[in-house]
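> Sequence and computational prediction follow.
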Amino acid sequence: MNESQSTSRNRVFQAIRHAGPDRTPVDFGGMIFSCCEQEFLDAMRDVFGFSRPDDRDAWNRWVWVDEQIMRELDVDLRWVPHEPPLVQIKARYPERAAEAEARQAALRRGKQGQTPNVRHEFPYADLTLDDIREIQPECPPPNPYLDWMIDTAQAYRADGYPTTAFAYGGFFETACWKRGYDRIAMDLALEPDLVRALFDIWLEEKRHVTEDYIKPLAPYIDIFVFGDDLGMQSGPFMSPEMFRDLIKPYMAEAYSAVHAAAPDSFIMHHSCGSIYALLDDLIDIGIDVMNPTQPNAKDMTPEKLKARGGGRMAFHGGMDLQDLLPYGTPEEVRAEAERRMRVLGAGGGYLCAPAHTLPDDVPVENIIAMCSAARGGGPRPPAEG
């Protein structure tokens, strides 16, 4: 068992608890928002001379980074996806293979020409308050792959790695997708009762997910990941006062239920953009780790974040994906990683990672440089051949 295997879980726990880990943990592919596009993963395999493992698909919408690559880079986190790769479904769940194959084919077709997370149709756009009050919560059936997730998490734990799993999206982002981006902005200002009626529905749905998905996984998952984009490049989407009135109470209730169902697990919240003005509120509702720490957004410098959140919240991400990672040199990437570890990681409280999923225009050498900065040594040479 090498150093990474024996200390990664403790290292990550100590970082989140601000307990002074032996070094800053590093992440690439260890949670859903630190992964990469398929093209980037193929390029990284080529650089290291690795072939695609037999237990992974040739293509998947949510790219699960190869274990051999993560060990080569000494990555400290391990992501447990909500379903296995198709090749594993065919072997372990043959009765579900045809449905899974059709779903993956549809997702791959949808990827051609547009980003799947950009919505173009808003089913609740024209609904009135009375219409919304008639909507019943949708409670999805139990995840049929929970046993696979548990087995995968246990294998990672046995090797000394902390585990992550994505749980669900948030209230504001769901409202944008259901109601429309401009419409929900007007609703927040002019129709607060309508907003609360929507959030009441989704709070009930999240309680269901907490009971049927988070609770059975809690003994095996160290970090549950949630997503709700609250920030733009220049600041939050809404004023702090509006956030506290309409959104914070629902997030607080949802995360309180998660902490009760998974008392030994951490909560990581994903929000792009500048959320500095909301930081105290996000800490107040029980968020342990904030991702992605978008560095080029307003007020999101490591110095300001450490001063405001140090000792109370850990930060994950922070390596600029708008300029540095795609256009910088490996030397520049390494220097910035070292600076962020020195500032945000002082005494703990930081997990160094890219500030979102990697597109294919990021040079592989820059991620190698980022990861090597955590080890304090030079990049490992690619495998020959």
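Thanks, I have it.

> what about the strands in the stretch 201-350 of the chain?
223-227, 266-270, 289-291, 314-319, 350-354 (DSSP state E, counting those that start in this stretch).

> Can you say which of the ones you listed is packed in most?
Across these, averaging neighbours per residue (mean count of other C-beta atoms under 10 Å) puts strand 350-354 on top, at a mean of 29. Where you see a C-beta, it was placed from the backbone N, CA and C, and this is true even at glycine.

> With just CA atoms, put the next helix or strand after it into PDB.
Moving toward the C-terminus from strand 350-354, the first helix or strand encountered (DSSP states H and E) is helix 364-375. Provided in PDB are the C-alpha atoms of helix 364-375 (Å, rounded to 0.1, in the frame of the first residue of the first chain):
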ATOM      1  CA  VAL A 364      -3.000  17.200 -20.100                       C
ATOM      2  CA  GLU A 365       0.400  18.500 -18.900                       C
ATOM      3  CA  ASN A 366      -1.300  21.300 -16.900                       C
ATOM      4  CA  ILE A 367      -3.300  18.800 -14.800                       C
ATOM      5  CA  ILE A 368      -0.200  16.800 -14.200                       C
ATOM      6  CA  ALA A 369       1.500  20.000 -13.100                       C
ATOM      7  CA  MET A 370      -1.400  20.800 -10.800                       C
ATOM      8  CA  CYS A 371      -1.300  17.400  -9.100                       C
ATOM      9  CA  SER A 372       2.400  17.300  -8.800                       C
ATOM     10  CA  ALA A 373       2.400  20.600  -6.900                       C
ATOM     11  CA  ALA A 374       0.600  18.900  -4.000                       C
ATOM     12  CA  ARG A 375       3.400  16.200  -3.800                       C
END
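
> now the angle from helix 364-375 to strand 350-354?
Put simply, helix 364-375 runs at 170 degrees to strand 350-354, going by axes from the mean of the first three to the mean of the last three C-alpha atoms, to 10 degrees.

> So, low pLDDT: which residues of this structure?
1-6, 110-117, 377-385 (pLDDT under 70).

> Pull the number of nearby residues for the spatially closest residue to residue 322 that is not a sequence neighbour.
Leaving aside its sequence neighbours, residue 322 sits nearest to residue 296 (C-beta to C-beta, 6 or more residues apart in numbering; 5.1 Å). If you count neighbours by other C-beta atoms under 10 Å, residue 296 ends up with 15.

> For residue 296, give me its contacts.
By C-beta atoms under 8 Å, 6 or more residues apart in numbering, the contact set of residue 296 is 233, 320, 322-323.

> The same query, at a cut-off of 10 Å, please.
233, 273-274, 320-324, 355 (C-beta atoms under 10 Å, 6 or more residues apart in numbering).

> so, if you compare the residues you listed, which one comes nearest to residue 292?
residue 355 (4.3 Å; C-beta to C-beta).

> So the closest one sits against residue 34, correct?
Yes - using C-beta atoms under 10 Å, residue 355 is in contact with residue 34, at 9.1 Å.

> Show me the common contact partners of those two, please.
Joint contacts of residue 355 and residue 34 (C-beta under 10 Å, 6+ apart) are 291-292, 316-317, 319.

> Pipe these into a markdown table and attach distance to residue 221 per row.
What follows is the shared contacts of residue 355 and residue 34, written out as a markdown table (distance: C-beta to C-beta, whole Å):
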| residue | distance to residue 221 |
| --- | --- |
| 291 | 16 |
| 292 | 20 |
| 316 | 16 |
| 317 | 20 |
| 319 | 25 |
